[in-house]
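Colleague: Predicted model, plus sequence, below.
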Amino acid sequence: MHTPSDPQTCPDSRDDWADEVRLETVRSLAEQERHTLFANIVGLFGCLVAAIMLPFDEQLFIALALRAVSIVTTRLLAIQLRAKLAAGEDFEASLRAVTYSLAFGGFTWAALLWPVIGYLEQGGFSFVILGVAIVGVSLICAMLGALPMMLFGFLASFTVSLFAGLALQPGPVSWAILLASASMAGGMIMFSMGMARQNIQMSEALVSNRRLGEDLCEALEHAEFLSLHDSMTGLKNRRAFFEVEGHLAPSGERRHILAIDLDYFKTINDTHGHAVGDRVIVQCAQVLRDFARMTPGGPHCAVRLGGEEFLLLLTGQEYVTAKAVAEAVRHRIAAIDMSYLVKGLTVSASIGFAECAPQQPLEKALLAADKALYEAKQSGRDRVMQAVPEQRAA
């Protein structure tokens, strides 16, 4: 079972786990961005109103224009990223484009603060822009915290641009107010990083739950398969033969039943061991599976009733053709080469052959085939015996 705290110890499994968690994290980021447009517009509008109320500064309005460009660019690239994720395509190029766009966004946030720093001592609307910037940068850090490279690109761009702009400021800078703002921003960023760790844990939980669901579905499918198939050979079992194949022929077609029993199988088990016996069973099952798949008409069905007993149900075949298939099956089983296990070991089968008319119950035809199989055993084995005429449909 896959869990976030206990991933598979195999290196490939650990890599798969990390890739899946990263995919969920990227998908979560893309979905979060979908809901940021309104907040971005409101923040941009608030900064625009504050800028209008401040003494005109061309640099401030240029910074607002750059913020608008950054919002639109990031939105378009995020839409492309979501489309890649939804289609299951390689999203790395789109993710890099979003990373570059966010780095540009970090620069625009810093550019927005450059002209505001000179008005901080006057209070009022300059603090509106400063507050929007602090909240905006912190929320972006929270959103990007689960993806370190994107977070580093954004913060590096913002920090370098901010201090470069402050160094070029012509007037005095209120470092006390700036330090207080930086402390506030630092606190919000630390809180945001904690939220980012929670996002990673949520991604891990999603991956774990999906893997658990996949394991459960696989277990249910396997259980359903075993309920209708023999676990050793993969052929259909007795239940599938009677419940799934039905009692009447589909669309009124004739069917033929080959009841097959391996000769002297108990002797093979007792002399050479059950491991050899199991290999014989598997090889014979493969012969029947091949005939069920390659014989014209159909659908045909190969069944292991249990032990060394098999059935081959042929649908839509003429009697002569079906009997020829029975002889071919006998020859193929006799030609099985087991010398790689036991030198000189040979395999043969006795086959009882009966026809099932369209409205004849399957059990009646099977009874006739079993009786013919018994006669084949009594007559010396390694042969095909057909049901007597009164047991076949006219």
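Modeller: Ah, there it is.

Colleague: Show the residue spans covered by the helices in the stretch 101-250 of the chain.
Modeller: For the stretch 101-250 of the chain, applying DSSP state H, counting those that start in this stretch gives helices covering 125-144, 148-167, 175-228, 238-239.

Colleague: hmm, who's touching the last one?
Modeller: In other words, helix 238-239. Applying C-beta atoms under 8 Å, 6 or more residues apart in numbering, the contact partners of helix 238-239 are 227-228, 303, 305-306. In short, each C-beta sits where N, CA and C put it, glycine included.

Colleague: Give me the buried entries from the residues you listed.
Modeller: 303, 305 (16 or more other C-beta atoms under 10 Å).

Colleague: Now the contacts of helix 238-239 in JSON lines, please, with extra columns for distance to residue 70.
Modeller: Listed next are these as JSON lines, based on distance: C-beta to C-beta, whole Å:
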{"residue": "227", "distance to residue 70": "59"}
{"residue": "228", "distance to residue 70": "59"}
{"residue": "303", "distance to residue 70": "68"}
{"residue": "305", "distance to residue 70": "72"}
{"residue": "306", "distance to residue 70": "72"}
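
Colleague: follow-up on the earlier one: indicate which one of the helices of the stretch 101-250 of the chain is closest to residue 18.
Modeller: Ranking the helices of the stretch 101-250 of the chain by their distance to residue 18 (criterion: C-beta to C-beta) puts helix 175-228 first, at 9.7 Å.

Colleague: tell me the mean pLDDT over that closest one?
Modeller: For helix 175-228, mean pLDDT is 69.

Colleague: now swap in stretch 43-58 and tell me
Modeller: Rounded mean pLDDT across stretch 43-58 is 85.

Colleague: what comes into contact with that stretch?
Modeller: Around stretch 43-58, the neighbours that count as contacts under C-beta under 8 Å, 6+ apart are 60-61, 64, 67-68, 71, 112, 115, 119, 124-126, 128-129, 132, 135-136.

Colleague: Quick one: buried ones out of the residues you listed?
Modeller: The neighbour-count test (16+ other C-beta under 10 Å) marks 60, 64, 67, 71, 112, 115, 119, 125-126, 128-129, 132, 136 as buried among the contacts of stretch 43-58.

Colleague: Report the lowest-confidence entry in these.
Modeller: Ranking those by pLDDT, residue 119 lands last with 67.

Colleague: okay, and the helix or strand of this structure with the least pLDDT?
Modeller: Ranked by mean pLDDT, DSSP states H and E, the weakest helix or strand in the chain is helix 175-228, scoring a mean of 69.

Colleague: measure residue 87 to residue 98 for me?
Modeller: Counting by C-beta to C-beta, to the nearest Å, the gap between residue 87 and residue 98 amounts to 16 Å.

Colleague: Residue 116 is in contact with residue 126, correct?
Modeller: Yes - taking C-beta atoms under 8 Å as the definition, residue 126 is a contact partner of residue 116 at 5.0 Å.

Colleague: From the centroid of this structure, which residue is nearest?
Modeller: Within the chain, one residue has its C-alpha closest to the average C-alpha position: by C-alpha atoms, centre = their mean, that is residue 214, at 7.3 Å.

Colleague: With neighbour numbers in mind, choose between residue 87 and residue 98.
Modeller: residue 98 (24 against 9; other C-beta atoms under 10 Å).

Colleague: Nearest to residue 150 among the contacts of helix 238-239?
Modeller: Using C-beta to C-beta, residue 227 is the member of the contacts of helix 238-239 that lies nearest residue 150, at 49.0 Å.

Colleague: ok, and the closest non-adjacent residue to the closest one?
Modeller: residue 239 (6.8 Å; C-beta to C-beta, 6 or more residues apart in numbering).

Colleague: excluding its backbone neighbours, what's nearest residue 257?
Modeller: Leaving aside its sequence neighbours, residue 257 sits nearest to residue 369 (C-beta to C-beta, 6+ apart; 4.4 Å).

Colleague: Wait, the one you found touches residue 258, no?
Modeller: Yes - between residue 369 and residue 258 a contact is recorded at 6.9 Å, counting by C-beta under 8 Å.

Colleague: what's the overlap in contacts for those two?
Modeller: Residues touching both residue 369 and residue 258 (C-beta under 8 Å, 6+ apart) are 311, 352-353.

Colleague: Out of those, list just those in strands.
Modeller: Of those, the ones assigned to strands by DSSP state E are 311, 352-353.

Colleague: Counting neighbours, which of these comes out on top?
Modeller: Highest neighbour count within these: residue 353, with 28 neighbours (other C-beta under 10 Å).

Colleague: And residue 239, how close does it get to residue 306?
Modeller: Residue 239 sits at a distance of 11 Å from residue 306 (criterion: C-beta to C-beta).

Colleague: for residue 104, what are its contacts?
Modeller: By C-beta under 8 Å, 6+ apart, the neighbours of residue 104 are 70, 73, 157.

Colleague: change it to 7 Å
Modeller: Contact partners of residue 104, counting by C-beta atoms under 7 Å, 6 or more residues apart in numbering, are residue 70.

Colleague: again, but for the one 3 residues further on
Modeller: Contact analysis of residue 107 by C-beta under 7 Å, 6+ apart lists 157, 161.

Colleague: what pLDDT does it get?
Modeller: Looking at residue 107, its pLDDT is 94.

Colleague: how far away is it from residue 97?
Modeller: 16 Å.

Colleague: same deal with residue 49?
Modeller: Separation of residue 49 from residue 97 (C-beta to C-beta) stands at 32 Å.

Colleague: Over to residue 236?
Modeller: Going from residue 236 to residue 97 by C-beta to C-beta gives 53 Å.

Colleague: which of those two has more neighbours?
Modeller: When neighbours are counted by other C-beta under 10 Å, residue 236 comes out ahead of the other of residue 236 and residue 97, with 21 against 17.

Colleague: ok, the residue nearest to that one when sequence neighbours are not counted - contacts?
Modeller: Excluding its sequence neighbours, the residue lying closest to residue 236 (C-beta to C-beta, 6+ apart) is residue 303, at 4.9 Å. Residue 303 is in contact with 235-237, 241, 310-311, 313, counting by C-beta under 7 Å, 6+ apart.

Colleague: Looking at the residues you listed, which is nearest residue 342?
Modeller: residue 310 (21.4 Å).
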